[in-house]
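Compute the structure for the input listed below.
(one chain, ligands or ions: 2)
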Amino acid sequence: MKIAGPIWALGAMSGTSLDGVDAALLRTDGETITAFGESDYRPYSPEERAKIAAALGQWSDGADVAQAAEMVETVHAALLSRMMTVDLEQAPEIIGFHGQTLAHDPANQRTHQTGDGALLAEILQRTVVWDFRTADVQLGGQGAPLAPFFHFACAKYLKLPAPTVFLNLGGVGNVTYVDPSYDAPQQSGALLAFDTGPANAPLNDLMQARLGQAYDQNGALATQGTANTEIVTAFLNHGYFHKMPPKSLDRDDFNGLSDRVADLEDADAAATLAECCAAAVARAMEHMPKTPAQILVCGGGRRNAHIMARLRALTGLRVDDIDDHGLDGDMLEAQAFAYLAVRVARGLPTSCPSTTGVAANVGGGTISHP
Ligand SMILES: Nc1ncnc2c1ncn2[C@@H]1O[C@H](COP(=O)(O)OP(=O)(O)OP(=O)(O)O)[C@@H](O)[C@H]1O
Ligand SMILES: CC(=O)N[C@H]1[C@@H]2OC[C@@H](O2)[C@@H](O)[C@@H]1O[C@H](C)C(=O)O
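Ligands and ions are numbered 1, 2, ... in the order given. Predicted structure coming up:
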């Protein structure tokens, strides 16, 4: 498809915290953000979440994966078709569909996002770009994170005057260092991106197992506890923290962490897991090329006041909720896949050596027309 100027694009992301699907409209030419549009969120029911959980870690199309795929496709089809008519002035010409990551193993050049974008193109009668990560891992990259090119565009949109770190606190945490003095994201020095470590996933698992709650609302439980320093120190000795970036994680790479807090009281266990999340981010800051002016936090974890306070204490930096700068911190990932869809359609790169460690710039993504 020919893209001569800015168009409306619709992006959808089903993240590693398994909470639901975000969808957002963005007007862009794949380089500059022209306007942010409507957005919506469709939470997964406990039964739907259980279907994904049953398929996590699987690579082949057995019964669990087939059930998860069908559910992910059905939920996306309903949400995206609603979004396509939410405002006719924002009718999208293209859709970026991430799908749901079930497994991620870049060392063996494989990553698995479930959900069939070709099927969605048929159902929605619109061009769908999907399978964004495979090309990158096949060329030796991490296949993640992919939001960094969009973070670069956001830095330009916000006219940020100095290097800034975008921090996403989802199930897993990831950072993008952006130097906005560069002209394009793929220029050497413009970006450095990688996953920091586990963020909300272990805390969510703890809350679900012990209290039947989806997450520690506002960090209320963690605030009442004391972090166990021995466990945090052992956590920081994990091999992942000794690797140089770019590097990425699977949701369950730190599964053992839950066992380590098994003997702690609820509040102390929550405080320990929150501390691990914040300490991993603080460790990540040691890799930044220059001290950033600020950390702008997006993703649901920015609502955990306890984690935000610990980030400020451990990094000594200004740590802001990105909403305070006029963006919607819940929708950055969905917007990112809208943005990346347009880039793929234009043949522009979506990752580069400093964002995924790939050997050369890559434009990942499969394009399916209806
Ligand atoms: N009010 C809140 N207080 C504390 N934590 C919250 C709050 N709201 C959301 N969260 C946390 O944020 C999580 C959702 O974050 P988000 O939607 O950014 O994750 P995701 O997109 O699934 O993950 P990823 O970025 O890893 O793909 C919830 O599972 C919860 O842990
Ligand atoms: C393999 C995979 O799905 N990774 C996710 C996950 O969730 C957060 C972090 O780990 C990040 O690396 C990535 O998602 C975001 C959207 C990204 O690619 O930028």
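
can you give me the strands for the stretch 51-200 of the chain?
94-105, 110-114, 127-130, 164-169, 172-178, 191-198 (DSSP state E, counting those that start in this stretch).

how is this structure carved up into domains?
With domains defined by automatic domain parsing, the chain comprises 7-144+334-350+361-368, 159-325.

my read: Q100 touches Q113, true?
Yes. If you go by Cβ atoms under 8 Å, Q100 and Q113 touch, sitting 6.4 Å apart. For every residue, glycine as well, the C-beta is placed using N, CA and C.

ok, back up a step: now the strands of the stretch 51-200 of the chain in TSV, with mean neighbour count, distance to ligand 1 and mean pLDDT?
Output for the strands of the stretch 51-200 of the chain, formatted as TSV (neighbours: other Cβ atoms under 10 Å; distance: least, Cβ to the nearest ligand atom, whole Å; pLDDT from 0 to 100):
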stretch	mean neighbour count	distance to ligand 1	mean pLDDT
strand 94-105	24	8	97
strand 110-114	21	11	97
strand 127-130	25	16	98
strand 164-169	26	5	98
strand 172-178	27	5	97
strand 191-198	27	9	97
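
can I get those strands in a markdown table with distance to R312?
Output for those, formatted as a markdown table (distance: least, Cβ to Cβ, whole Å):
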| stretch | distance to R312 |
| --- | --- |
| strand 94-105 | 30 |
| strand 110-114 | 33 |
| strand 127-130 | 38 |
| strand 164-169 | 12 |
| strand 172-178 | 16 |
| strand 191-198 | 16 |
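
So L10, which state does it fall into?
Of the three states, L10 takes strand according to DSSP: H, G, I helix; E, B strand; the rest coil.

Tell me who's in contact with the closest residue to it other than its chain neighbours.
Closest residue in space to L10, ignoring its immediate chain neighbours: P92 at 3.8 Å, by Cβ to Cβ, 6 or more residues apart in numbering. The contact partners of P92, taken as Cβ atoms under 8 Å, 6 or more residues apart in numbering, are 7-10, 25, 83-84, 126, 338.

Can you give me the distance of P92 to ligand 2?
According to Cβ to the nearest ligand atom, to the nearest Å, P92 and ligand 2 sit 19 Å apart.

try L119
Distance from L119 to ligand 2, by Cβ to the nearest ligand atom: 20 Å.

coming back round to it: for the contacts of P92, work out which two are farthest apart.
With distances taken as Cβ to Cβ, the most widely separated pair in the contacts of P92 is I7 and M83, at 15.1 Å.

Neighbour count: these two, which is higher?
When I7 and M83 are compared for neighbours, M83 comes out ahead with 26 against 21, by other Cβ atoms under 10 Å.

Provide a list of residues in contact with the residue of the stretch 151-300 of the chain found nearest ligand 2.
Closest contact between the stretch 151-300 of the chain and ligand 2, by Cβ to the nearest ligand atom, is at V172 (3.6 Å). V172 is in contact with 16, 195-199, 201, 249, 251, counting by Cβ under 8 Å, 6+ apart.

mind redoing it with 7 Å?
16, 195, 198-199, 201, 249, 251 (Cβ atoms under 7 Å, 6 or more residues apart in numbering).

List just the nearest of the contacts of P92 to E230.
A338 (44.1 Å).

A24 is in contact with the closest one, correct?
Yes. Between A338 and A24 there is a contact under Cβ atoms under 7 Å: 6.3 Å.

quick one: I95 and V128, what's the gap?
When distance is defined by Cβ to Cβ, to the nearest Å, I95 is 5 Å away from V128.

circling back: who's the residue of the stretch 151-300 of the chain closest to ligand 2 bridged to?
Here V172 sits in beta bridges with P198, going by DSSP bridges.

Y41 bridge partners, please.
With DSSP bridges as the rule, Y41 is bridged to D22.

list the contacts for it?
By Cβ under 7 Å, 6+ apart, the neighbours of Y41 are 20, 22, 330.

Can you pull the residues of the stretch 251-370 of the chain lying near ligand 1?
Residues of the stretch 251-370 of the chain lying close to ligand 1 (Cβ under 6 Å from any ligand atom) are 299-301, 303-304, 333.

which one among those residues gets closest to A269?
N304 (14.8 Å).

what's the closest one sitting at in phi/psi?
Torsion angles at N304 (phi, psi; degrees, to the nearest 10) stand at phi -90, psi 100.

How many residues are close by it?
For N304, the count of nearby residues is 28 (other Cβ under 10 Å).

Just list whatever residues bridge to the nearest residue to L192 once chain neighbours are set aside.
If the residues on either side of it in the chain are set aside, L192 comes closest to Y177, at 4.3 Å by Cβ to Cβ, 6+ apart. Beta-bridge partners for Y177, by DSSP bridges, are V165, L192.

what about the residue in the stretch 251-370 of the chain positioned nearest to ligand 2, which SS state?
Ranked by Cβ to the nearest ligand atom, the top residue of the stretch 251-370 of the chain for proximity to ligand 2 is E333, at 4.3 Å. Of the three states, E333 takes helix under three-state DSSP.

Read off the pLDDT value for it.
Confidence at E333, expressed as pLDDT, is 98.

again with S258
87.

Having no further points to raise, I will conclude here.
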